[in-house]
Every structure is written in C-alpha cells, then in structure tokens.
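J.: what's the 3D shape of this:
(one chain, ligands or ions: 1)
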Amino acid sequence: MSENKIAIIYGSDTGITDYITTLLTNKLNLKNLDIIEVFTIKPIDFLKYDIILIGVPTWYVGDLQSDWEDFFPDFQKIDFNGIKVAFFGLGDQYGYPDNFVDGIGILGKVVLNNGGEIFGYWPNEGYEFNDSLGLAPNGMFYGLAIDEDNQQEHTEERIDKWVKQIKNELGL
Ligand SMILES: Cc1cc2nc3c(=O)[nH]c(=O)nc-3n(C[C@H](O)[C@H](O)[C@H](O)COP(=O)(O)O)c2cc1C
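T.: Prediction:
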C-alpha cells in the first residue's frame, strides 16, 4: 500500500501535541508522510489523502484546541468518504476528569457523520476519569489518548503499541 497518501494534521497550543507528533512520525517511519499544522491547511487539502492521522489536544474544559476550534466550521463541511482517519488526543485526566480528551470525540463524530472510516480505536484501561466525549459507542477511545500532564511514563509505550496496531489495521 505504499502508494497511499498519508498525512498527520495537528494543532497544538503549548507544544505538547507538536512534540508527540514528532515522536509519532519517527516511530511510524513512513516515506510518504506529510506533517501539517491545521492552521496552515484548507479543507480541500484533506481530500488529497487516503489516510489522515489527526492530533488534537482538548482545551478550555471540553473544547477543541484553538486552531481546531477556528477550523471546525470548515471541518464539518469536509466529505470524508473514502478517507481513513485515526486520532491521537492529548489531555489531562486529573485536571479535567469530566472532559478527558473530549476533542477526539468532537472531531471523530464529524468524520463518521461525513462518511469517513475511523481506525486506531484505543482501549480506555489505564486511565482514571469520570467522563469523556472521546469515548465511542464501542466503549473505546476514538483514538490514542496521551496524558503528558500525568502519565508521561506511559507515553512511549502507548505510541509504540498504537503504531503497531494502526500499521496492522492498514496493512502497512
Ligand atoms: C486551560 C486548560 C484547559 C484544559 N482543558 C482540558 C480538558 O477539558 N480536557 C482535557 O483532557 N485536557 C485539558 N487540558 C490539558 C491539555 O489538553 C494538555 O495539557 C495538552 O497536553 C496540551 O497540549 P498542547 O500543548 O498540544 O496544546 C487543559 C489544559 C489547560 C491549560
């Protein structure tokens, strides 16, 4: 499947998602991977890709990171038919236990409503929180949940496991 066009599209307010994107990129080790910050992209650019990994931290108690928030009206108009999308979400489970990684759910629902396919669902074991819009109806997170505020020690192993999982799901 080396002909697939793949992108990571992400937003980051304080640089943590930016850092995680770099880690993820190194571990993915793919030749044809574009890395794009969401504030630089137009909705039509999403259509260039077969596979998109979306990085989104949750901010302001259950809201999207500011660049994703600005982009959200356009995001809702994207036709995701034929595009496979995976999420990685940053959050703080102890600081915001009722809204842990809400962002991946806010964007994930749009992708599904607009015809996209989500891969890379992630189990919610190993986290402590009360509620999250990031949980899909199947009980799993819409994507990889990373908590650099409280569980830095798990980040690398989580990324390694998720990379293996998504490469497997994609047959890469
Ligand atoms: C004011 C503020 C509000 C936040 N709100 C949430 C939230 O509702 N849910 C959550 O899981 N994390 C929340 N966080 C934690 C961030 O998502 C987390 O620190 C993340 O790593 C930041 O990523 P970034 O540096 O890429 O923006 C919040 C952090 C701050 C400072």
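J.: near the ligand, which residues of the chain?
T.: Within the chain, the positions adjacent to the ligand are 12-17, 57-62, 65, 90-92, 96, 99-102, 148-149 by C-beta under 6 Å from any ligand atom. Every C-beta, even on glycine, is put in place using the N, C-alpha and C of the backbone.
J.: Give me the subset of the residues you listed lying in strands.
T.: Pro57, Thr58, Trp59, Leu90 (DSSP state E).
J.: Tell me which two in those are the farthest apart.
T.: Trp59 and Leu90 (9.5 Å; C-beta to C-beta).
J.: So which of those two has more stuff around it?
T.: For the pair Trp59 and Leu90, the greater number of neighbours falls to Leu90 (28 against 21), based on other C-beta atoms under 10 Å.
J.: looking at it, that one is touching Val56, isn't it?
T.: Yes. Using C-beta atoms under 8 Å, Leu90 makes contact with Val56 at a distance of 7.4 Å.
J.: what touches both of the two?
T.: Shared contacts of Leu90 and Val56 (C-beta atoms under 8 Å, 6 or more residues apart in numbering): Thr17.
J.: now the helices: where do they sit in the chain?
T.: Taking DSSP state H to define them, one finds helices in the chain at 16-28, 66-75, 102-113, 152-170.
J.: Deepest-packed of these, please.
T.: helix 102-113 (a mean of 22; mean count of other C-beta atoms under 10 Å).
J.: For it, which helices and strands make contact with it?
T.: strand 51-59, strand 63-64, helix 66-75, strand 84-90, strand 117-118, strand 143-146 (3 or more C-beta pairs under 8 Å, 6 or more residues apart in numbering; DSSP states H and E).
J.: is it possible to export those to TSV including distance to Leu33 and mean pLDDT?
T.: Shown next, in TSV, are the helices and strands packed on helix 102-113 (distance: least, C-beta to C-beta, whole Å; pLDDT from 0 to 100):
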stretch	distance to Leu33	mean pLDDT
strand 51-59	9	98
strand 63-64	23	98
helix 66-75	20	98
strand 84-90	13	98
strand 117-118	19	98
strand 143-146	16	99
